[in-house]
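[1] A structural model of the following input is requested.
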Amino acid sequence: MTSSSAAASASPSAPQRQGPLRRLTARGRDEPHRVSSPLELFFDLCFVVAIAQAGVQLVHAVAEGHAGAGILNYAMVFFSIWWAWVNFTWFASAYDNDDALYRVVTLVQIAGVLVLAAGVSRAFDHHDFLLVWLGYLIMRVAMAAQWLRAARSAAGAERTVALRYAAGVLLCQVGWLGLVLLPEPARPWAFLVMVIVELAVPVFAERAQETPWHPHHIAERYGLFTIIVLGESIAGATVAVKSAVDDHDALGELLPIAAGGLLIVFAAWWIYFVVPIHGHLRSNGQAFLWGYGHYLIFASAAAIGAGLEVAVEQAVGAAHISTLSASAAVTLPTALYLLTVWVLHSRHFKVGIAQQLVLPGTALLVICCTFLGTWAVLAAGLVSAAAVATGTTLTARMASRNRTLPTTPAA
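    Numbering: from 1, shown residues only. Modelled structure (predicted):
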């Protein structure tokens, strides 16, 4: 893969390597051949470490019969990881100049997510969010520093946008102290309020002017992170199956779960990448809805892997939950993933009621698979694979029909 700084060298708005420090100026939306840089890929990889920790704790909570508390903690921790990633990604799309200071500040953000990851287990087990808050603080202060640096090189409305972002990011950190200082019953409400405030910062900041994010680059960044999260789900489920086989010699019970899980993840990948979404990202209104909605895509994709681990533990008698609960740990996030991908991606490209109903109908069938006992995961995998086959067939028939239609001669 070619780095962004190298591939975009033909564009006047691309970063130029003239010294270790350069002005942090905006890049162009029409910049050709814009792709993810090695620093961005490294950033993603380190963030997945925190997602993996959240997934591990979700597995333990669900397997011990504390699904409600586990899902709530997972949602809170995952938001902090996801939102820091989102802010970096959109800022980098607009302002990445790849100089030494930009790289150092980005590495500070990576250090912050590793601090956050170290505090995930305490957040789940002891409701102690101090390390999570500290890691988030490190990431967000570094992000505010990037915006202040962009403001220094900007003027007019662009400078106003950068200053609004910096102020909003820093003020939000005061509100997040509620997760550390408030009593436990009040923390979910504080979390909900702060989510709304955080999501409002970009909407408020960009009222003056839109930042010059690159549609193709943003679509690629989100796609790459989806791949990494799905890969983490496969890795976690593989380790769980291996441990169960080694410790319990239960290959017969685990094969349906392994096969079904693999089909689900394969289908999840296929469905996400079947259409090129960058052409749909034409304005901030469309981009904000699409970008914010990916919280559910990323969280559900990671939760599928956690659910597969829960199903494995239940199959070998290591989880204190019913088969129905273990099956739901896989089928419910799968259904959520399918519905969210349909809302954000697929529905914009489907023609006719039959194509539009494939993913919503599949999500409903996957939920129904929950009640099939030990065969639930395999059935959900087969249903997901059938959805891919059905969608591909309908699209091929539509294309064939369009090719055979007679063309009207030009007047």
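[2] what about Ser325, neighbour count?
    Residues near Ser325, counting by other CB atoms under 10 Å, number 18. The way it works is simple: take the backbone N, C-alpha and C, and place the C-beta from them, glycine included.
[3] Report pLDDT for it.
    Note on Ser325: pLDDT of 93.
[4] Please report the distance of it from Gly373.
    According to CB to CB, to the nearest Å, Ser325 stands 12 Å off from Gly373.
[5] again with Leu324
    Distance of Leu324 to Gly373, computed by CB to CB: 8 Å.
[6] can you check Leu171 too?
    51 Å.
[7] Could you do Gly178 as well?
    43 Å.
[8] Pick out whichever of those two has more residues nearby.
    More neighbours surround Gly178 than the other of Gly178 and Gly373, with 17 against 11 (other CB under 10 Å).
[9] secondary structure class for the residue lying closest to the more buried one once chain neighbours are set aside?
    What sits nearest to Gly178 in space, not counting adjacent residues and going by CB to CB, 6 or more residues apart in numbering, is Ala190, at 3.5 Å. Following DSSP: H, G, I helix; E, B strand; the rest coil, Ala190 is assigned to helix.
[10] from what I can see Ala190 touches Gly175, true?
    Yes: contact criterion CB atoms under 8 Å: Ala190 and Gly175 qualify, at 7.5 Å.
[11] and those two? which has more neighbours close in?
    Comparing Ala190 with Gly175 by other CB under 10 Å, the one with more neighbours is Ala190, at 18 against 14.
[12] Go ahead and produce PDB holding the CA coordinates of whatever helix or strand Leu114 lives in.
    Assigned by DSSP states H and E, Leu114 belongs to helix 100-118. Output of helix 100-118 as PDB, limited to C-alpha atoms (Å, rounded to 0.1, in the frame of the first residue of the first chain):
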ATOM      1  CA  ALA A 100       7.600  15.500  12.900                       C
ATOM      2  CA  LEU A 101       5.300  17.400  15.400                       C
ATOM      3  CA  TYR A 102       2.200  15.900  13.800                       C
ATOM      4  CA  ARG A 103       3.600  12.400  14.200                       C
ATOM      5  CA  VAL A 104       4.700  13.000  17.800                       C
ATOM      6  CA  VAL A 105       1.200  14.300  18.800                       C
ATOM      7  CA  THR A 106      -0.400  11.300  17.100                       C
ATOM      8  CA  LEU A 107       1.900   9.000  19.000                       C
ATOM      9  CA  VAL A 108       0.800  10.700  22.200                       C
ATOM     10  CA  GLN A 109      -2.800   9.900  21.300                       C
ATOM     11  CA  ILE A 110      -1.800   6.200  20.800                       C
ATOM     12  CA  ALA A 111      -0.200   6.300  24.300                       C
ATOM     13  CA  GLY A 112      -3.500   7.600  25.600                       C
ATOM     14  CA  VAL A 113      -5.500   4.700  24.200                       C
ATOM     15  CA  LEU A 114      -3.100   2.200  25.700                       C
ATOM     16  CA  VAL A 115      -3.600   3.900  29.100                       C
ATOM     17  CA  LEU A 116      -7.300   3.600  28.500                       C
ATOM     18  CA  ALA A 117      -7.000  -0.100  27.600                       C
ATOM     19  CA  ALA A 118      -5.100  -0.700  30.800                       C
END
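[13] shaky segments in the chain?
    Under the criterion pLDDT under 70, the flagged ranges of the chain are 1-19, 247-248, 250, 278-281, 283-284, 348-349, 402-411.
[14] starting at the chain centroid, how far to the longest helix seen in it?
    Longest helix in the chain, counting residues (DSSP state H): helix 215-248. Once both centres are worked out by CA atoms, centre = their mean, to the nearest Å, helix 215-248 turns out to sit 12 Å from its chain's centre.
[15] for that helix, packing partners?
    Packing contacts for helix 215-248, counted by 3 or more CB pairs under 8 Å, 6 or more residues apart in numbering; DSSP states H and E, involve helix 38-63, helix 67-95, helix 251-273, helix 284-315.
[16] returning to what we had before: can you give me the buried ones in the helix holding Leu114?
    By 16 or more other CB atoms under 10 Å, the buried positions in helix 100-118 come out as 102, 105-106, 108-110, 112-113, 115-118.
[17] Name all residues that make contact with Val377.
    256-257, 260-261, 264, 308, 311, 327, 330-331, 369 (CB atoms under 8 Å, 6 or more residues apart in numbering).
[18] So what's the residue count around Glu210?
    Neighbourhood size, Glu210 [other CB under 10 Å]: 15.
[19] does it count as helix, strand or coil?
    Glu210 is classified as coil under three-state DSSP.
[20] got the phi/psi numbers for it?
    Backbone geometry at Glu210, expressed as degrees, to the nearest 10, gives phi -80, psi 140.
[21] repeat for Gly317
    The phi/psi pair for Gly317 (degrees, to the nearest 10) is phi 80, psi 20.
[22] Would you quantify the distance from it to Ala61?
    18 Å.
[23] Of the two, which one has the most company?
    Between Gly317 and Ala61, counted using other CB under 10 Å, Ala61 has the larger neighbour count: 22 against 11.
[24] thought the more buried one was touching Leu72?
    No: counting by CB under 8 Å, Ala61 does not reach Leu72; the two are 9.4 Å apart.
[25] nearest residue to Glu198 other than its sequence neighbours?
    Leaving aside its sequence neighbours, Glu198 sits nearest to Cys172 (CB to CB, 6+ apart; 5.5 Å).
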